[in-house]
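S.K.: got a predicted structure plus its sequence, pasted below:
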Amino acid sequence: MGSLKIVMEDELLKEFRKKAMEKFGYTKGALSIAAREAIKNWLNEKVEKSNFRKDFLKTIEEVSGIWESEEGVKYVRKMRKESEKRLKRLEI
């Protein structure tokens, strides 16, 4: 098993310790368990967001071929702009 040393702000560390102790108790290894869980959750979230982006953009491309009229093209452009704003806001 590997180890990882990280440096973070005091307030963030204090909050992390507090939450870890609340969830896992005041036992030896509680911080390690909490850190592993936090990293796993973060990695899963990144994968889910990445898949969401790919699926969403694929759907937009597929749908864009359906509407060939002027109105359809305008609608697709509008949807693309809105989706790009959402993806930026979600940091995807």
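M.R.: Done, it's in.
S.K.: in the chain, where is pLDDT below threshold?
M.R.: 46-50, 60-70, 72, 92 (pLDDT under 70).
S.K.: the same query, at a cut-off of 80, please.
M.R.: Scanning the chain for pLDDT under 80 picks out 1-2, 4, 44-77, 79-80, 83, 86-92.
S.K.: so where's the longest helix in it?
M.R.: Counting residues, the longest helix in the chain under DSSP state H turns out to be helix 30-64.
S.K.: elements contacting that one?
M.R.: Applying 3 or more Cβ pairs under 8 Å, 6 or more residues apart in numbering; DSSP states H and E, one finds that helix 30-64 makes contact with helix 10-24, helix 70-89. All C-beta spots, glycine's among them, are computed from the backbone N, C-alpha and C.
S.K.: burial count for residue 53?
M.R.: Neighbour count for residue 53, taken as other Cβ atoms under 10 Å: 14.
S.K.: I misspoke; the intended subject was residue 5.
M.R.: 4.
S.K.: how about it, phi and psi?
M.R.: Residue 5 has phi and psi values of phi -110, psi 130 when expressed as degrees, to the nearest 10.
S.K.: please report how far the closest residue to residue 31 other than its chain neighbours lies from residue 14.
M.R.: Among residues not flanking residue 31 along the chain, residue 20 sits closest, at 5.3 Å (Cβ to Cβ, 6 or more residues apart in numbering). Remark: distance between residue 20 and residue 14 (Cβ to Cβ, to the nearest Å) = 11 Å.
S.K.: neighbour-wise, which of those two wins?
M.R.: residue 20 (19 against 11).
S.K.: wait, the more buried one sits on residue 30?
M.R.: Yes: contact criterion Cβ atoms under 8 Å: residue 20 and residue 30 qualify, at 5.3 Å.
S.K.: joint contacts of residue 20 and residue 14?
M.R.: Counting by Cβ atoms under 8 Å, 6 or more residues apart in numbering, residue 20 and residue 14 have no common neighbour.
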